[in-house]
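Trainee: need a 3D model of the following:
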Amino acid sequence: MVSGEDETRKLLRVREDLEGRIRKLDAEIGDLRKAIVEIDKSIVRQGFRQPVPPKVEAKPVVEDEGVGGMSVKSQDGTTLGHMQIEEEVIVFNPVESLAFTVSIPPFQSFFLERVLGNMKATDEGKAAGGEVSPGEVLSFEVATDGERIVSISIRNYGGERRLREIQSSLRWAFDKMYEKLIQT
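Mentor: Residues are numbered from 1 along each chain as shown. Purely as a prediction, here's the structure:
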């Protein structure tokens, strides 16, 4: 029995190492894509027309690796959904097999009202004061099928700090919702 447990531990360590390598490579890919965007901008400034970017299907990655795609996981490692980040838009799609609804706490009270609602109110205040244009105010939309959450789109999230806050808040809220789902 002990040898089986040792083998399982070894496999878990190998799996963890592989996931770490994947995160590092995906971060490097994200950096390379950013470099290409900057090069394209430089080419356009120098008078050439902007090249058409190749169609690349974004692949979800494990956990938290900045810009790009990622899986959002619960504390027990269950994939709760996938998040795509492009330009100033975040799109989160919950896993279809998990019936997340808008009525499961803390989705409405915490994530929508406290996190996104406060960010939007802050932006609206800045827009009213002329600090930002009205087009730069955070906005969000929850697409549903009945009560079931199909996707969440967040526009104009406003920088890396806010992106991290949205990611961690979304992960926490959906983890709590997942706990409520599996308890019923």
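Trainee: wait, what's in contact with Ile166?
Mentor: Taking C-beta atoms under 8 Å, 6 or more residues apart in numbering, we find Ile166 in contact with 90, 115-116, 119, 154, 157. For glycine as for every other residue, the C-beta is placed from the backbone atoms N, C-alpha and C.
Trainee: any idea which residue sits dead centre in the protein?
Mentor: Using C-alpha atoms, centre = their mean, the residue of the chain that lies closest to the mean C-alpha position is Met83, 3.6 Å off.
Trainee: bridged to the nearest residue to that residue once chain neighbours are set aside, which residues?
Mentor: Ranked by C-beta to C-beta, 6 or more residues apart in numbering and with sequence neighbours excluded, the top spatial neighbour of Met83 is Phe92, at 4.8 Å. Per DSSP bridges, the residues bridged to Phe92 are Met83, Ile152.
Trainee: contact partners for Phe92?
Mentor: Neighbouring residues of Phe92 by C-beta under 8 Å, 6+ apart: 72, 81-84, 151-152, 154, 170.
Trainee: ranking those by neighbours, who comes first?
Mentor: With neighbours defined as other C-beta atoms under 10 Å, the most crowded of the contacts of Phe92 is Ile154; it has 26 neighbours.
Trainee: assign that one to helix, strand or coil.
Mentor: Classification of Ile154 using DSSP: H, G, I helix; E, B strand; the rest coil returns strand.
Trainee: now do the domain split for the protein, please.
Mentor: The chain breaks down by automatic domain parsing into domains covering 1-56, 58-184.
Trainee: ranking those by burial, who's on top?
Mentor: Comparing those on average neighbours per residue, with mean count of other C-beta atoms under 10 Å, the densest one is domain 58-184 at a mean of 16.
Trainee: average pLDDT for it?
Mentor: Confidence for domain 58-184, expressed as mean pLDDT, is 87.
Trainee: how far off centre is that domain?
Mentor: Relative to the chain's own centre, domain 58-184 is displaced by 7 Å; criterion: C-alpha atoms, centre = their mean, to the nearest Å.
Trainee: do stretch 10-28 as well
Mentor: The chain centre lies 19 Å from the centre of stretch 10-28; the measure is C-alpha atoms, centre = their mean.
Trainee: no more questions from me, cheers.
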